[in-house]
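Novice: would you be able to build a 3D model of this:
(one chain, ligands or ions: 1)
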Amino acid sequence: MTNVIVLGGGISGCVCAYRLARSGFGVTLVEKGRGVGGRMATRRMGDARIDHGAQFFTARDPRLKSLLSDWEKDAVVRPWYDSIAGRPDIPTGTRYRGGEGMTSPAKFLARSFQVEKSFFVDKIVRSEQWSVVERMGENRVLKADHLVVTFPGPQVVELFDRSDFSLDAETMDRLKAIRYTRCIALLGLLAGPSALESPGTVTHPNADVDWVSDNQIKGISEQPACTVHASDEFSQKHWDSPDEVRGPYLTKVAEETLGTKVTDWNCHRWGFAKPLVTFGADYFHSAEQSVTLAGDGFGGERIESAFLSGWEAAERIVRNP
Ligand SMILES: Cc1cc2nc3c(=O)[nH]c(=O)nc-3n(C[C@H](O)[C@H](O)[C@H](O)COP(=O)(O)OP(=O)(O)OC[C@H]3O[C@@H](n4cnc5c(N)ncnc54)[C@H](O)[C@@H]3O)c2cc1C
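Specialist: Have a look, this model is predicted:
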């Protein structure tokens with residue numbers, strides 16, 4: 001049996017690991033966070049549950065649709081909305097949310113393979129097999145025949161640099177060209193129900209903010225709680241500002257948009273939000289070097305594209321590890 005280690009527990013890593021496990025591979029997924037999901041992230045704040053990364057996903061591809069019908073039966077995902085009243089400019093098409101927040105699908109997939117959590121991958125070393133070495137923590141070292149890396153492109157390059165590992169020059173150039181937007185997210189508790197109607201979201205209330213939503217109307221939080229996503233431009237400008245500078249401004253936009261007070265808030269920085277420049281292929285695979293790369297830096301912006309990147313990478317490995 002071929003053993004594979006998948007690095008990164010976002011949707012691309014989880015779906016890749018799931019697809020490989022289903023084909024009889026021995027799979028271990030390694031994630032630096034305390035749980036899987038990556039940018040499909042849900043956080044508790046007081047009694048509220050808040051999606052602070054990706055907000056919804058679309059499902060047009062038959063492979064995702066087929067998994068989605070299983071997920072819907074188990075309430076792992078639910079349809080959220082397909083249009084917003086008074087916004088004919090927003091394309092129609094069902095947007096799905098996780099049953100208990102956006103991490104739900106990744107958590108569900110992760111029941112099919114072994115997960116090593118809170119494991120920051122410091123180095124990868126290739127001799128007869130791959131070794132994956134943890135930074136600090138429990139000093140874990142894992143071994144496998146094949147390696148899949150699903151970090152955002154710049155983090156893959158950093159890992160290769162730390163490991164003195166390289167691919168051919170053209171591939172490295174394409175990998176180094178991958179670029180992302182940034183996003184400062186504000187997560188807030190609300191004094192009372194917001195004034196929004198279902199689906200509980202407003203896009204672009206002004207030039208600094210891309211998104212404001214109420215997680216209670218969304219259906220994932222018992223307590224009213226908001227998510228605010230600043231634009232890339234605002235996020236770049238205020239990346240290193242203290243929370244005391246950027247927080248009150250984003251809070252004010254939330255209060256004006258939602259018609260209620262924000263009683264407590266936190267800021268979160270997404271350094272790699274959405275890919276601006278991608279690798280130019282849905283995944284990279286080298287049978288000679290026993291390594292495959294996937295993720296939204298390959299498949300492109302959106303959860304569905306990251307999903308398909310992970311899925312297709314797995315199918316390539318199944319054909320010829
Ligand atoms: C604020 C925001 C809003 C978004 N909104 C939407 C939306 O509404 N709809 C949509 O379709 N898409 C949205 N996106 C984009 C979407 O979230 C991503 O395209 C998708 O989730 C990427 O999945 P991935 O598996 O490629 O990467 P990730 O989810 O980033 O997974 C990579 C994983 O690798 C782990 N990792 C990195 N380095 C290490 C290391 N050294 N050791 C161990 N683990 C490591 C990370 O912790 C992470 O879990 C949004 C993104 C952001 C940030």
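Novice: ok and the residue in the stretch 101-250 of the chain nearest the ligand?
Specialist: Nearest residue of the stretch 101-250 of the chain to the ligand (CB to the nearest ligand atom) works out as Val121 at 3.7 Å. In short, each C-beta sits where N, CA and C put it, glycine included.
Novice: that residue and Met136 touch, don't they?
Specialist: No - between Val121 and Met136 there is no contact under CB atoms under 8 Å: 11.6 Å.
Novice: number of nearby residues for Lys143?
Specialist: Number of residues near Lys143 (other CB atoms under 10 Å) recorded here: 14.
Novice: okay, helices next: where are they in the stretch 151-300 of the chain?
Specialist: For the stretch 151-300 of the chain, helices defined by DSSP state H, counting those that start in this stretch occupy the ranges 153-163, 169-176, 215-218, 232-237, 243-258, 296-299.
Novice: which strands or helices does the fifth one pack on?
Specialist: Meaning helix 243-258. When contacts are defined as 3 or more CB pairs under 8 Å, 6 or more residues apart in numbering; DSSP states H and E, helix 243-258 sits against strand 183-190, strand 201-206, strand 209-214, strand 225-230, strand 262-270.
Novice: quick one: which of Val121 and Met136 has more around it?
Specialist: Legend: neighbour count by other CB under 10 Å for Val121 and Met136, higher for Val121 (24 against 7).
Novice: so that one bridges to which residues?
Specialist: Applying DSSP bridges to Val121 yields these beta-bridge partners: Glu134.
Novice: find me the pLDDT at it, would you?
Specialist: Looking at Val121, its pLDDT is 98.
Novice: let me see the contact set for it.
Specialist: For Val121, the contact set (CB atoms under 8 Å, 6 or more residues apart in numbering) comprises 7, 30, 32, 132-135, 159.
Novice: how about Arg22?
Specialist: Ser112.
Novice: please identify the deepest-packed of the helices and strands packed on helix 243-258.
Specialist: strand 225-230 (a mean of 27; mean count of other CB atoms under 10 Å).
Novice: name the surrounding residues that touch it.
Specialist: Contacts of strand 225-230 (CB under 8 Å, 6+ apart): 45-46, 48-52, 55, 183-190, 194, 208-216, 238, 246, 250, 253-254, 258, 262.
Novice: hmm, Ser112 is touching Tyr18, no?
Specialist: Yes - if you go by CB under 8 Å, Ser112 and Tyr18 touch, sitting 5.0 Å apart.
Novice: okay, these two: which has more neighbours?
Specialist: When Ser112 and Tyr18 are compared for neighbours, Tyr18 comes out ahead with 24 against 15, by other CB under 10 Å.
Novice: helix, strand or coil for that one?
Specialist: For Tyr18, the assignment made with DSSP: H, G, I helix; E, B strand; the rest coil gives helix.
Novice: please name the residues that touch it.
Specialist: 109-110, 112-113, 314.
Novice: excluding chain neighbours, what is closest to the residue nearest the centre of the chain?
Specialist: Centroid check for the chain by CA atoms, centre = their mean gives Arg39 as the closest residue, at 2.5 Å. Leaving aside its chain neighbours, Arg39 sits nearest to Gly53 (4.2 Å; criterion: CB to CB, 6 or more residues apart in numbering).
Novice: before we move on, what about Thr201?
Specialist: Ser213 (4.0 Å).
Novice: wait, the one you found touches Ser198, no?
Specialist: No - between Ser213 and Ser198 there is no contact under CB under 8 Å: 11.2 Å.
Novice: mind checking the SS state of the residue in the chain sticking out farthest from the centre?
Specialist: Distance from the C-alpha centroid of the chain peaks at Glu128, with 32.1 Å (CA atoms, centre = their mean). Judged by three-state DSSP, the three-state class of Glu128 is coil.
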